[in-house]
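Undergrad: What follows is a predicted structure for the sequence shown.
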Amino acid sequence: MYEERSFGDKVWLVLKGLAMGAANKVPGVSGGVVAFVAGFYEEFIYSLQKINRKAFALLFDGRFKSFFQYVNGRFLGLLTLGMIISYFSVSKLLDYLLIHYELYVWSAFFGMIIGSIYFIAKDFGDWNRKYLAYLICGIIAGVSISFLEPAKENSNLFFVFFCGIIGVSGMTLPGLSGSFILILLGNYVLLLVDSVNALYNTVADLFRFDLSFVDDTGRIELLKVLVVFALGSLAGLVSLSHLLAYVLKRFKKATYAVIIGFIAGSLGVVWPWKKKLVEYDAMGNIRYDANGREIISGYDRFLPSEFSLETILAILFIIVGILIVLSLDWYQKARNHPHG
């Protein structure tokens, strides 16, 4: 059984879901890292693991209260609420900041990931050759994924379902960015921009009692894509959580070593100094998404060549990112030892 939460804890859980949802939408940043650093990763994995045959039996028998308690429904519900709110609030703000202050946003995330590596590694304990080997394997895997070439957009529903399974990995596997995986699969704009905007516009139309969108074949197709993607994400969450719960129970330190390495390897994805490689159509014109933004096919990373004000500010944002994560550690210590 899971312990009862105070009102303050419930609010914090919604805010953690908010942060997790925002992180999942940014290419190179993993919602799983948020779960790890915020201290609810294992409860998250073990709660998802409870969505199994027994849970469905309770649900179909009409034993809703037992089902809710069995799957830790309050925890998952509050976390999911935060993620949903995030997609229509924080994610929109992040979209704006990435357009207007891209270097500083990437710098802050870069710093936060450095802080996360320290945060997770500080309580690891002794490193022996075996765990160092797992760490190196994680680093190699993270770096390798960073330099893969993106595929082209594909709206086939079977492929979209597969994208859902793979894309949700960022929530369960710290260091593996689901959004970045979707870029590699070619469907980031389709699934996390166009289809989400289609849902947003549809909800807005429904509030205005405007049903004209039912005749908009493009909108309906995007909504269909979003539903299939959501189903794939749900399937991925449940299946991956079962695998991870098994691995965490039996090989906890080895799993943590791989995760630390993976997060370290993913630093290449969020390296602040990079040039966008944009997509072009058959006529040689730059392709834009539904929000009028250039569609990115990848990045060309570089070192800053001059020590300008922009570079100094970027370094400051890296330090701020590190301090944000470390402040969570300080907050938890103060909470656990209020008089010491």
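TA: Arrived safely, thanks for sending. Numbers count the residues shown, from 1 in each chain.

Undergrad: mind listing the strands for the stretch 51-200 of the chain?
TA: For the stretch 51-200 of the chain, strands defined by DSSP state E, counting those that start in this stretch do not occur.

Undergrad: where in it is pLDDT low?
TA: For the stretch 51-200 of the chain, the stretches flagged by pLDDT under 70 are 91, 149-150, 175.

Undergrad: which residues of it fall in helices?
TA: Applying DSSP state H, counting those that start in this stretch to the stretch 51-200 of the chain gives helices spanning 53-60, 64-70, 73-87, 90-100, 102-121, 129-146, 157-167, 169-172, 178-184, 188-189, 195-207.

Undergrad: between those, which gets nearest to R250?
TA: Judged by CB to CB, the one of the helices of the stretch 51-200 of the chain that comes nearest to R250 is helix 129-146, at 13.9 Å. Where C-beta positions appear, they are placed from N, C-alpha and C, glycine not excepted.

Undergrad: just the angle between the closest one and helix 102-121, please?
TA: Put simply, helix 129-146 runs at 160 degrees to helix 102-121, going by axes from the mean of the first three to the mean of the last three CA atoms, to 10 degrees.

Undergrad: Show me the contact partners of stretch 35-50.
TA: Stretch 35-50 is contacted by residues 2, 13, 16, 19-20, 32, 70-72, 75-76, 79, 115-116, 119-120, 171-172, 174, 237-238, 241-242, 244-245, 248, 259, 325, 328, 332 when judged by CB atoms under 8 Å, 6 or more residues apart in numbering.

Undergrad: how about a cut-off of 7 Å?
TA: With contacts defined as CB atoms under 7 Å, 6 or more residues apart in numbering, stretch 35-50 is touched by 16, 20, 32, 70-72, 75-76, 116, 119-120, 172, 174, 237-238, 241-242, 244-245, 248, 325, 328, 332.

Undergrad: Redo the helices of the stretch 51-200 of the chain as TSV? Include mean neighbour count and distance to F307.
TA: Listed next are the helices of the stretch 51-200 of the chain as TSV, based on neighbours: other CB atoms under 10 Å; distance: least, CB to CB, whole Å:
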stretch	mean neighbour count	distance to F307
helix 53-60	13	57
helix 64-70	15	57
helix 73-87	19	36
helix 90-100	15	23
helix 102-121	22	14
helix 129-146	17	26
helix 157-167	20	38
helix 169-172	26	34
helix 178-184	23	29
helix 188-189	23	33
helix 195-207	16	39
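
Undergrad: who wins for proximity to Y288 among these?
TA: helix 188-189 (9.5 Å).

Undergrad: how long is stretch 76-95 end to end?
TA: Terminal residues of stretch 76-95 lie 26 Å apart, using CA to CA, to the nearest Å.

Undergrad: what's the answer for stretch 164-171, then?
TA: Note: stretch 164-171 ends 12 Å apart using CA to CA.

Undergrad: for the stretch 201-340 of the chain, what spans make up the helices?
TA: Using DSSP H, counting those that start in this stretch, helices in the stretch 201-340 of the chain cover 217-250, 252-265, 309-336.

Undergrad: Can you name every helix or strand that the first one contacts?
TA: Meaning helix 217-250. Under the contact criterion of 3 or more CB pairs under 7 Å, 6 or more residues apart in numbering; DSSP states H and E, helix 217-250 touches helix 41-49, helix 157-167, helix 169-172, helix 195-207.

Undergrad: tell me how far the first one is from the chain's mean position?
TA: Which is helix 41-49. What separates the centre of helix 41-49 from the centre of its chain is 16 Å, taken as CA atoms, centre = their mean, to the nearest Å.

Undergrad: do the same with the last one
TA: What separates the centre of helix 195-207 from the centre of its chain is 22 Å, taken as CA atoms, centre = their mean.

Undergrad: Just the residues contacting that helix, thanks.
TA: Outside helix 195-207, the residues that reach it (CB under 7 Å, 6+ apart) are 87-88, 213, 219, 222-223, 225-226, 229, 290.

Undergrad: Also stretch 83-100?
TA: With CB under 7 Å, 6+ apart, stretch 83-100 has contacts from 17-18, 20-22, 25-26, 105, 196, 200, 293.

Undergrad: Deepest in the core, which of the helices of the stretch 201-340 of the chain is it.
TA: helix 252-265 (a mean of 22; mean count of other CB atoms under 10 Å).

Undergrad: between that one and helix 217-250, what angle do the directions make?
TA: Using the same axes, to 10 degrees: helix 252-265 against helix 217-250 is 140 degrees.

Undergrad: Quick one: work out the angle between helix 252-265 and helix 41-49.
TA: 110 degrees.
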